[in-house]
Each structure stands twice: as structure tokens, then as C-alpha cells.
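A.B. asks: Prediction below, plus the sequence it came from.
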Amino acid sequence: MAGLLKLFYDNGMKVFVTYQIPEAGIKKLQEAGHEVVVRQEQALISREELVAALKEYDAILPLLTDKIGAEEIAQAGKQLKVIANYAVGYDNIDAKAAAERGIVVTNTPDVLTDAVADHTITLMTALARRVVEADQFVRDGKFKGWRPMLLLGTGLRDKVLGIVGLGRIGSEVGRRAMTGLGMKVAYSDLQPSAEFEREAEARFYPELDSMLPEVDVVSLHVPLVEATKHLINKERLAAMKETSLLINTARGAVIDEAALVAALKDKVIAGAALDVFENEPDLAAGLKELSNVVLTPHVASATRETRSKMSELAADNIIAVLAGKEAITPVNK
């Protein structure tokens with residue numbers, strides 16, 4: 001396999017890292033005595049190269065862009081013990097198929113909660129105050145002085161934030177919105193949380209469809225599973241207020257992106273801010289031409305501190321499993 005960097009070997013097991021990640025995790029693997037091979041190319045790994053790694057290595061540390069489905073896992077060698085996903089979500093891996101082969105799948109929860117919550121709030125305020133539009137306006141030389149009606153946005157105090165999916169990140173976004181921005185909070189999930197309702201003075205909606213018409217900002221925090229694919233579709237976009245803002249830092253396919261483009265063009269909703277996309281890195285036709293969207297390239301967890309902690313947690317999971325111990329954050333048994 002070309003383009004690899006072999007970092008260390010001391011009669012330990014073999015670990016394959018599909019892309020360069022922060023050194024903290026690599027050092028931990030080295031110190032545990034394992035051979036660490038890091039793929040150097042920036043282009044997406046091919047299926048053939050990924051399958052070859054599954055056949056050869058004891059542990060794989062992939063990114064969420066690396067698709068390891070049942071067909072790929074069926075070709076894994078008997079030596080493969082753990083797939084440590086460098087992400088919280090693991091929809092890129094067939095965890096059930098891995099479990100059937102005795103392969104542990106792990107993720108990196110908790111350590112990126114603050115970073116993603118911060119980015120969600122950043123996207124929401126940037127969209128509400130039309131920051132990207134204003135920046136471009138100045139760069140284009142259109143700013144000729146202060147005017148009362150120039151680029152009017154919307155305030156967020158007393159507006160209602162509707163959280164879809166009350167996991168770690170959704171909960172933290174709600175707390176920040178209530179305490180920092182003075183927003184009211186609503187949420188929709190499979191079950192209510194009395195603790196969150198006390199902390200954020202939040203209202204629970206057991207049905208998403210009953211919440212959407214009542215809120216001013218919708219923020220998505222659900223995993224991508226079959227039930228959540230295109231959760232936000234043409235009909236649900238139409239159910240939202242014309243002044244609504246939609247924020248997605250979860251997974252791109254939770255939104256029907258073509259339907260969103262149409263809704264934004266027709267002013268069905270006021271705007272959207274997206275850090276994730278349905279067919280990354282490609283965007284739905286017409287999306288980037290719209291002025292009422294904010295687009296960031298899947299960087300919600302992109303702080304030095306967070307990405308380093310993610311690499312350490314992924315490494316800790318590998319080290320534990322290769323030592324015959326329980327994984328720290330397993331997603332399958």
C-alpha cells in the first residue's frame with residue numbers, strides 16, 4: 001500500500017490510520033508498543049485499499065467518510081479486533097456486522113460536545129445577523145456608510161429554539177441558548193428529560209410535527225439512521241414558520257437537501273446554516289448560490305483541543321481492546 005508512514009514497531013500489534021490525525025493519539029499507540037501505519041494521501045481512501053487494511057491489520061482507525069459496510073467487514077481478516085471511528089456518529093460502519101465477526105466498534109463521544117455546541121450557536125447567530133452576507137457586502141465595496149435598513153437581521157432573545165434530538169450536544173446547545181442568548185427552548189425526542197426541562201426551562205414535544213410550527217430556530221442533533229434520513233423533508237419545511245432558521249451540525253442526509261434548496265429559494269423558510277451535507281463533499285444544485293445560507297465544511301468539532309482529545313480517545317479504545325480489555329466507548333457488543 002503506497003503512501004504510508006510506518007511510525008513505530010516493537011513486536012506489538014498493527015494499527016492502520018486512514019488519514020493523518022493529531023499526534024496525541026498516535027503517540028499513545030506508539031507508547032503501547034504497536035506498529036502504527038498512517039496513510040499519507042488526502043484523497044478519500046479507495047474501497048480496495050480499505051479492504052486490504054481490514055485483511056492485514058489488528059485495528060483500524062477510520063474517519064466518518066470511510067464506509068465500512070457488511071461487505072467490507074465480511075472480507076476482514078481474523079486478526080481484526082477493533083474499528084475505532086474518529087467521530088461520535090458511526091453510520092459509516094455496519095456495527096452489527098462487525099459484532100457478528102467479534103469486531104468491536106468504538107466512537108469518540110463527550111470530548112467534542114462543547115466544540116460542536118459552540119459551532120451550532122455560531123452558525124445560528126451568524127445566520128440570524130446575516131454575518132456572511134455582510135462580510136461579502138463589505139468585500140465587494142458596496143458599503144457606503146451606515147443606513148437604518150441595511151442588512152437587517154433578527155434578534156434571538158425570546159425566540160424559541162427547537163432542538164431535534166436531545167443527546168449530549170443537543171442538550172448543551174439548549175443550555176447555551178437559554179443562558180447565553182435569552183432564548184426559550186423546546187425539544188423533540190423519543191422520551192422527555194425532566195433534568196433538561198429544569199435546567200433549560202424547556203418544553204417537550206413528543207411529536208416533531210407538532211413542534212416545528214411553534215419554534216423560530218430548528219437545530220438538528222440526531223444520528224443518521226434509517227428513521228432519520230430526510231427527517232426534514234418538503235412537508236416538514238412547509239410546516240415551519242416563514243421566518244424560521246434551520247441549523248444542521250448532525251449529518252447531512254437528515255435533510256432532503258434538494259427540498260431545502262427549493263424551500264430557501266421560495267422563501268418557505270428564512271434561512272439555513274449547514275456544517276454537513278447530504279452527499280459530502282458535493283452540494284445540492286443551487287445551494288451555494290443562495291444568499292440566505294451559511295455553509296461550513298464539516299468543521300463543528302474542529303478545535304485543536306477537541307481533535308486532539310478525539311485522537312487520544314480513539315487510541316485508548318484500540319489499546320484497551322488489543323490488550324484484551326473492555327473498550328472505553330463501544331457502540332456494539
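C.D. replies: The structure has been received and is ready for your questions.
A.B. asks: Can you pull up the most central residue in the chain?
C.D. replies: Ala250 (4.3 Å; Cα atoms, centre = their mean).
A.B. asks: Show the contacting residues for that one.
C.D. replies: Gly89, Gly165, Leu220, His221, Val222, Pro223, Leu224, Val276 (Cβ atoms under 8 Å, 6 or more residues apart in numbering). (C-beta placed from N, C-alpha, C; glycine too.)
A.B. asks: Where does it sit, in terms of helix or strand?
C.D. replies: Element membership for Ala250, per DSSP states H and E: none, as it lies in no helix or strand.
A.B. asks: Also Pro192?
C.D. replies: Using DSSP H and E, no helix or strand contains Pro192.
A.B. asks: how about it, what does it touch?
C.D. replies: Phe204, Pro206.
A.B. asks: quick one, phi psi at it?
C.D. replies: Main-chain dihedrals, Pro192, degrees, to the nearest 10: phi -80, psi 160.
A.B. asks: how near is it to Arg304?
C.D. replies: Applying Cβ to Cβ, to the nearest Å, the value for Pro192 to Arg304 is 36 Å.
A.B. asks: Quick check: Ala128 touching Leu152?
C.D. replies: No - the criterion here is Cβ atoms under 8 Å, and Ala128 misses it with Leu152 at 10.8 Å.
A.B. asks: Show me which of those two is the more surrounded one.
C.D. replies: Neighbour count, other Cβ atoms under 10 Å: between Ala128 and Leu152, Ala128 has more, with 21 against 8.
A.B. asks: And that one, how close does it get to Ala59?
C.D. replies: 44 Å.
A.B. asks: do the same with Leu44
C.D. replies: Applying Cβ to Cβ to Leu44 and Ala59 gives a distance of 20 Å.
A.B. asks: Settle it for me: which of those two has more neighbours?
C.D. replies: Applying other Cβ under 10 Å to Leu44 and Ala59 shows that Ala59 carries more neighbours, namely 29 against 15.
A.B. asks: ok, that one - contacts?
C.D. replies: Counted by Cβ under 8 Å, 6+ apart, Ala59 has contacts 13-16, 34, 80-84, 318, 321-322.
A.B. asks: Closest one of the residues you listed to Val111?
C.D. replies: Ala84 (13.2 Å; Cβ to Cβ).
A.B. asks: Test my guess that the closest one contacts Asp58.
C.D. replies: No - between Ala84 and Asp58 there is no contact under Cβ under 8 Å: 11.4 Å.
A.B. asks: okay, those two: which has more neighbours?
C.D. replies: Ala84 (30 against 19).
A.B. asks: What residues are bridge-paired with that one?
C.D. replies: Thr106 (DSSP bridges).
A.B. asks: Sketch out the low-pLDDT regions of this structure for me.
C.D. replies: Applying pLDDT under 70 to the chain flags the ranges 1-11.
A.B. asks: Name the nearest residue to the residue nearest to the centre of the chain, ignoring sequence neighbours.
C.D. replies: Sequence neighbours aside, Leu220 is the residue nearest to Ala250 in space, at 4.5 Å (criterion: Cβ to Cβ, 6 or more residues apart in numbering).
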